[in-house]
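Chemist: got a predicted structure plus its sequence, pasted below:
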Protein chains: 2
Amino acid sequence: MTPTTSAAPARASARERLLDAADELFYEDGIHSVGIDRVIERAGVAKATLYSTFGSKDELVRAYLLRRHERWRARMLAGLERYETPRERLLGVFDVLAETAASPTFRGCYVVNANAESPRGAAVEEVSDLARADRLALFETLAREAGVDDPAQLAAVFMLLYDGAVVGSRLDHDAAVVSTARAVAEEALDRSG
Amino acid sequence: MTPTTSAAPARASARERLLDAADELFYEDGIHSVGIDRVIERAGVAKATLYSTFGSKDELVRAYLLRRHERWRARMLAGLERYETPRERLLGVFDVLAETAASPTFRGCYVVNANAESPRGAAVEEVSDLARADRLALFETLAREAGVDDPAQLAAVFMLLYDGAVVGSRLDHDAAVVSTARAVAEEALDRSG
DNA sequence: AGCACGGTAGACAGACCTGTCTGTTAATGT
DNA sequence: ACATTAACAGACAGGTCTGTCTACCGTGCT
């Protein structure tokens, strides 16, 4: 990905390894439950390196959430490329979600989870506002491309259904609700033709 | 409320005061962020009393979640009494939710929050499975009383919309999405009438 | 009177957390 | 050849967490 000048095989940079470790651990066990020591151990990195790179655990958490969101967006866009028509692409967000939610490592939405365990208007809120605004904007763009009457309104409905499907999949240990969400979304789409 | 044999003014029992304190603190700041010391201080109770009553923090958490759910159910049923027809009563769940979500103390769903911060198949999962099954059963009963074709299917849709509305209200700091959910629910109801 | 009981107050142990600091090692550039 | 830099390992400080334990107090029952 980001080859250094040296030709050595060389593991990823310390920053990257820290983010990989944080991603797995924070998402799986919750941010609060995972201590710095576990992160650096999995990353194979010294504690001083973490603090010289990110400054604090809070900043590592911010970076973790930002990267999660970027990857969510990239995976979603890549997953939607298989569709031909704008309409299929719009409804396809639920197909991509279904694949994600069926994975054994699925543990719900990182934004929901991070907010649930942050005591108060913490640093995560900033990132989560950003991530949600971006997600809503993506839905709205897809809706506009599908030529619906009121893209903003339909995007709000999709956001509602997407949130419900993610939370339901997580709590009921069953991704079947994603198909329900897709069906309801399709009817809302047909109505707003 | 629960007068004892004595005529003394007498505060509530230690158990009740502990649950009151736990309810406010756990819900507001998250279970993990709130230490035992803060709970006993707000309850005005000695630490030994907490441990002789509940045995562990985990058990206090279980009791907190159970009581939250019972109160949710009671408030929901009480709120639905104002409606005349079964159809209004079914859709009324979103009106009751709208009132709750508009409160300044609203912090989302205790089940979602508790699961988000529990590392793994912890004790909370048991209670949250129970709470969600009970909630779904309530929706199904209301749907059946409204005479819909497939009450189980409609209850699943209501669950999806309810989850999405709760999460959206929390994360976007705006209870407007509850009306959207109600509107979508109404259309689903009309279709399955 | 005597006594059990439920509660209070708070010290304490042992674990874990974040963040800092010291000292070492290896690679790089001049 | 030498200085700089980045990363390593790990001890340490200071705080917080859960859970236990001792000692004391007041009330009501027998």
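Modeler: Noted; the coordinates are in hand.
Chemist: which element, helix or strand, includes residue A:16?
Modeler: According to DSSP states H and E, residue A:16 maps onto helix A:14-29.
Chemist: so which residues on chain A come close to chain B?
Modeler: A:29-30, A:32-33, A:108, A:111-120, A:128, A:132, A:156-157, A:159-165, A:167-168, A:170-172, A:177, A:180-181, A:184, A:187-188, A:191 (CB under 8 Å from any CB of the partner chain). Heads up, the C-betas are built off the backbone N, CA and C, glycines and all.
Chemist: ok, whichever residue of chain A sits closest to DNA strand C to DNA strand D distance?
Modeler: Across chain A, no residue is closer to DNA strand C than residue A:35, which sits at 2.9 Å (CB to the nearest atom of the strand). Here the criterion is CB to the nearest atom of the strand, to the nearest Å. By it, residue A:35 lies 10 Å from DNA strand D.
Chemist: run a quick neighbour tally on that residue.
Modeler: Residue A:35 has 11 neighbours, counted by other CB atoms under 10 Å in any protein chain shown.
Chemist: per-residue pLDDT of it, please?
Modeler: Here the pLDDT value assigned to residue A:35 is 95.
Chemist: got phi/psi on it?
Modeler: The phi/psi pair for residue A:35 (degrees, to the nearest 10) reads phi -90, psi 160.
Chemist: and the residues of chain A next to chain B, which are buried?
Modeler: A:29-30, A:32-33, A:108, A:111-118, A:128, A:132, A:156-157, A:159-165, A:167-168, A:170-172, A:177, A:180-181, A:184, A:188 (16 or more other CB atoms under 10 Å in any protein chain shown).
Chemist: returning to that earlier point: buried residues in the helix holding residue A:16, which are they?
Modeler: Buried residues in helix A:14-29 (16+ other CB under 10 Å): A:14, A:17-23, A:25-27, A:29.
Chemist: save those as a markdown table, and put in distance to residue B:59 and pLDDT too.
Modeler: Output for the buried residues of helix A:14-29, formatted as a markdown table (distance: CB to CB, whole Å; pLDDT from 0 to 100):
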| residue | distance to residue B:59 | pLDDT |
| --- | --- | --- |
| A:14 | 42 | 86 |
| A:17 | 39 | 94 |
| A:18 | 37 | 95 |
| A:19 | 37 | 96 |
| A:20 | 37 | 95 |
| A:21 | 33 | 96 |
| A:22 | 32 | 96 |
| A:23 | 33 | 96 |
| A:25 | 27 | 95 |
| A:26 | 27 | 96 |
| A:27 | 28 | 95 |
| A:29 | 21 | 92 |
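Chemist: about what we covered before: so which of the residues of chain A next to chain B sit within strands?
Modeler: Of the residues of chain A next to chain B, none are assigned to strands by DSSP state E.
Chemist: restrict these to those near DNA strand C?
Modeler: Among those, no residue is within reach of DNA strand C (CB under 7 Å from any atom of the strand).
Chemist: thinking again about what came up before, out of the buried residues of helix A:14-29, which one sits closest to DNA strand D?
Modeler: Using CB to the nearest atom of the strand, residue A:14 comes nearest to DNA strand D of these, at 4.5 Å.
Chemist: from residue B:70, how far off is the closest one?
Modeler: 50 Å (CB to CB, to the nearest Å).
Chemist: now the residue of chain A found nearest chain B: closest residue in space, sequence neighbours ignored.
Modeler: For chain A and chain B, the shortest gap (CB to the nearest CB) falls at residue A:164, measuring 3.0 Å. Leaving aside its chain neighbours, residue A:164 sits nearest to residue B:164 (3.0 Å; criterion: CB to CB, 6 or more residues apart in numbering or on different chains).
Chemist: and what of residue A:128?
Modeler: residue A:111 is the one closest to residue A:128 (CB to CB, 6+ apart), at 4.5 Å.
Chemist: so who does that neighbour touch?
Modeler: For residue A:111, the contacting residues are A:65, A:69, A:128, A:131-132, B:171, by CB atoms under 8 Å, 6 or more residues apart in numbering or on different chains.
Chemist: just put these in JSON lines and tack on distance to residue A:95.
Modeler: Below are those laid out as JSON lines (distance: CB to CB, whole Å):
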{"residue": "A:65", "distance to residue A:95": "25"}
{"residue": "A:69", "distance to residue A:95": "20"}
{"residue": "A:128", "distance to residue A:95": "25"}
{"residue": "A:131", "distance to residue A:95": "21"}
{"residue": "A:132", "distance to residue A:95": "21"}
{"residue": "B:171", "distance to residue A:95": "24"}
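Chemist: tell me which of those residues fall in helices.
Modeler: A:65, A:69, A:128, A:131-132, B:171 (DSSP state H).
Chemist: how much space between the residue nearest to residue A:164 and residue B:170?
Modeler: To residue B:170, residue B:164 is 11 Å away according to CB to CB.
Chemist: again, but for residue A:35
Modeler: For residue A:35 relative to residue B:170 (CB to CB), the value is 27 Å.
Chemist: per-residue confidence for residue A:96?
Modeler: 98.
Chemist: with residue A:13 instead?
Modeler: The predicted local confidence for residue A:13 is 84.
Chemist: with adjacent residues omitted, what lies nearest to residue A:159?
Modeler: residue A:136 (5.5 Å).
Chemist: neighbours of the one you found, how many?
Modeler: 17.
Chemist: residues in contact with it?
Modeler: By CB under 8 Å, 6+ apart, residue A:136 lies in contact with A:155-156, A:159.
Chemist: can I get these in TSV with pLDDT and distance to residue B:104?
Modeler: Listed next are the contacts of residue A:136 as TSV, based on pLDDT from 0 to 100; distance: CB to CB, whole Å:
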residue	pLDDT	distance to residue B:104
A:155	98	27
A:156	98	23
A:159	98	23
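Chemist: which of those residues lies closest to DNA strand D?
Modeler: Distance to DNA strand D across those (CB to the nearest atom of the strand) is lowest for residue A:159, with 34.8 Å.
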